[in-house]
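*Asks:* Pasting the sequence and the predicted coordinates here, then a few questions.
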Amino acid sequence: MVLRRLVGVKEDILDWVPEERPRYTRLGLIVLNTGVLAGFSMTIAMATVGAVSPWLLVPLGLFWGLIIITVDSWLITSTNGSSRHGRLRVFAPRLVLSVLLGLVIAEPLVLWVFGSSITAEIKEFRKAEVEGYQSTLRVCNPATGGLNQDPACDGYRLNPGDTPQALESQLEEATAIRDRAKGVLVDLDAKHAELERLARDECAGRAGPGLTAVPGEGGECLRNRAKADQFRVDNQIERLHVEQLGLEQKVTDLTDQVARSRAGAAVRIGEDITAKVEEKRANLVGVDILDQVSAMGRVADRDLFAEVAQWVLRLLLVALDCLPVLTKLMGGTTAYDEQVTRQLEGAKRLHDKHMHVHENRDGVDLEIQMRQSDRKLRDRIAAMTATDRANSARRRIDEAAEIDRLAAELERRGGR
């Protein structure tokens with residue numbers, strides 16, 4: 001009896017068709033099973049969220065199951081007594097509502113069935129996401145402290161503090177100055193060496209172009225030596241060598257500073273990247289139902305069998321959730337429905353007659369009241385008319401008396 005009450009069956013009507021009792025008992029059991037399935041689905045969904053106390057899971061599941069039982073009970077009860085001609089119009093919106101509820105109930109169960117694959121997919125996806133984030137940070141923030149201008153690095157650039165770029169610019173400038181000075185000095189050294197060689201060859205008496213081949217410190221020998229010495233003095237070769245050593249030392253010092261600055265920047269950038277990666281990893285802690293749905297989608301995209309299996313399971317669960325309405329729809333119009341229809345029609349006819357009786361009775365009362373009102377109106381009008389006539393007669397009498405009095409008064413005055 002309790003199960004039949006879930007689907008709105010009235011026992012006094014069912015007593016006329018007792019053969020229908022097993023059908024509606026099983027229909028009530030289907031509604032109850034759907035509610036239990038919905039409660040189990042809600043419990044799984046809440047357990048997935050993880051932010052709810054375990055002691056609240058069972059009451060929440062029971063509450064959701066009660067809601068689904070109530071809705072399914074209304075869906076079935078509202079179709080009792082439906083005729084054959086209007087069944088599609090009656091059942092179509094209820095079936096749509098059942099499908100929507102079925103999808104809500106089925107999804108947590110689908111995720112629960114594929115739980116192990118989903119959990120593994122979430123771990124791998126988050127690992128790849130963290131690694132990709134770390135790789136992007138490293139590309140957009142070179143260890144040298146340079147600035148990556150790639151538009152793809154927008155939002156990934158860090159602020160490492162002091163960078164070696166200023167020292168690198170100084171090193172480039174110092175290196176260029178040193179190289180230019182070295183080139184000039186090498187050219188001067190070569191020319192001075194050539195003059196020194198001519199002087200030595202002349203003094204040694206060697207034969208060759210521009211040489212006298214006369215050994216000894218003669219005039220040409222002394223002139224060539226003096227020319228070489230004068231070239232060295234005029235071009236300040238010794239000073240240039242000292243300056244060149246200073247430039248070399250400056251380049252060496254700047255190179256050491258740049259190396260230290262790069263090492264410091266690399267350490268700071270590495271620490272900043274590590275901190276960002278740890279923050280990213282901390283933000284990915286915890287799994288909610290949206291993460292599971294996304295993971296299920298990725299698993300299905302890679303594996304055709306998984307995609308087919310999850311849809312088959314989902315449709316099966318939706319069908320189970322729609323089973324109360326489907327059972328009622330596929331069962332056709334039962335003898336109980338016909339009894340309900342006849343009772344509803346009889347109740348409607350009785351109600352119409354009852355309303356007609358009340359209308360007639362109330363109409364008679366109103367008609368009497370209207371006649372009484374009309375009679376009172378006529379009596380009051382007659383009374384008012386009589387009063388007006390009496391008042392008019394009284395005024396005429398008063399006017400005649402006043403005329404007689406005035407006439408008598410005039411006569412008295414005329415006699416005098």
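*Replies:* Yep, that arrived. Numbering: from 1, shown residues only.
*Asks:* Mark out where each domain of the chain begins and ends.
*Replies:* Domains of the chain are assigned by automatic domain parsing as 2-113+303-333, 165-283.
*Asks:* need the ones you listed in JSON lines with mean neighbour count and distance to residue 137, can you?
*Replies:* For the C-beta atoms, the positions are set from N, CA and C on the backbone; glycine is no exception. Output for the domains of the chain, formatted as JSON lines (neighbours: other CB atoms under 10 Å; distance: least, CB to CB, whole Å):
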{"stretch": "domain 2-113+303-333", "mean neighbour count": "17", "distance to residue 137": "30"}
{"stretch": "domain 165-283", "mean neighbour count": "14", "distance to residue 137": "5"}
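*Asks:* Ok, which of the ones you listed comes nearest residue 406?
*Replies:* Closest approach to residue 406 among the domains of the chain is made by domain 2-113+303-333 (94.0 Å; CB to CB).
*Asks:* From the centroid of the chain, which residue is nearest?
*Replies:* In the chain, the centroid-proximal residue (CA atoms, centre = their mean) is residue 290; its distance is 10.2 Å.
*Asks:* where's that one, which helix or strand?
*Replies:* helix 289-302 (DSSP states H and E).
*Asks:* thinking again about what came up before, would you single out the least confident of the domains of the chain?
*Replies:* The weakest mean pLDDT among those belongs to domain 2-113+303-333, with a mean of 75.
*Asks:* Which strands and helices lie in contact with the host helix or strand of residue 245?
*Replies:* Using DSSP H and E, residue 245 falls within helix 237-283. Under the contact criterion of 3 or more CB pairs under 8 Å, 6 or more residues apart in numbering; DSSP states H and E, helix 237-283 touches helix 115-140, helix 165-204.
*Asks:* just checking, next helix/strand downstream of the last one?
*Replies:* Looking back up the chat, that one is helix 165-204. Next helix or strand after helix 165-204 toward the C-terminus (DSSP H and E): helix 219-234.
*Asks:* that older thread, got the CA positions of the helix holding residue 290 in CSV?
*Replies:* The C-alpha trace of helix 289-302 is given here as CSV (Å, rounded to 0.1, in the frame of the first residue of the first chain):
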residue,chain,number,x,y,z
ILE,A,289,33.5,17.3,-10.1
LEU,A,290,34.5,19.8,-12.9
ASP,A,291,38.0,18.4,-12.9
GLN,A,292,36.6,14.9,-13.1
VAL,A,293,34.3,15.8,-16.0
SER,A,294,37.2,17.4,-17.9
ALA,A,295,39.4,14.4,-17.2
MET,A,296,36.7,12.0,-18.4
GLY,A,297,36.4,14.1,-21.6
ARG,A,298,40.2,13.8,-22.3
VAL,A,299,40.2,10.1,-21.6
ALA,A,300,37.3,9.7,-24.1
ASP,A,301,39.0,11.8,-26.7
ARG,A,302,42.1,9.5,-26.6
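*Asks:* elements contacting the one helix or strand residue 354 maps to?
*Replies:* Taking DSSP H and E as the definition, one finds residue 354 inside helix 335-415. Judged by 3+ CB pairs under 8 Å, 6+ apart, helix 335-415 is in contact with helix 11-14.
*Asks:* who's in contact with the helix it packs on?
*Replies:* 1, 4, 20-21, 24, 336, 339-340, 343 (CB atoms under 8 Å, 6 or more residues apart in numbering).
*Asks:* Leaving out the residues flanking it, which one is nearest to residue 112?
*Replies:* Nearest residue to residue 112, sequence neighbours excluded (CB to CB, 6 or more residues apart in numbering): residue 44, at 4.8 Å.
*Asks:* returning to what we had before: show me what the helix holding residue 290 is in contact with.
*Replies:* Residues from elsewhere that reach helix 289-302, judged by CB under 8 Å, 6+ apart: 45, 48-49, 107-108, 110-111, 114, 117-118, 121-122, 125, 306-307, 310.
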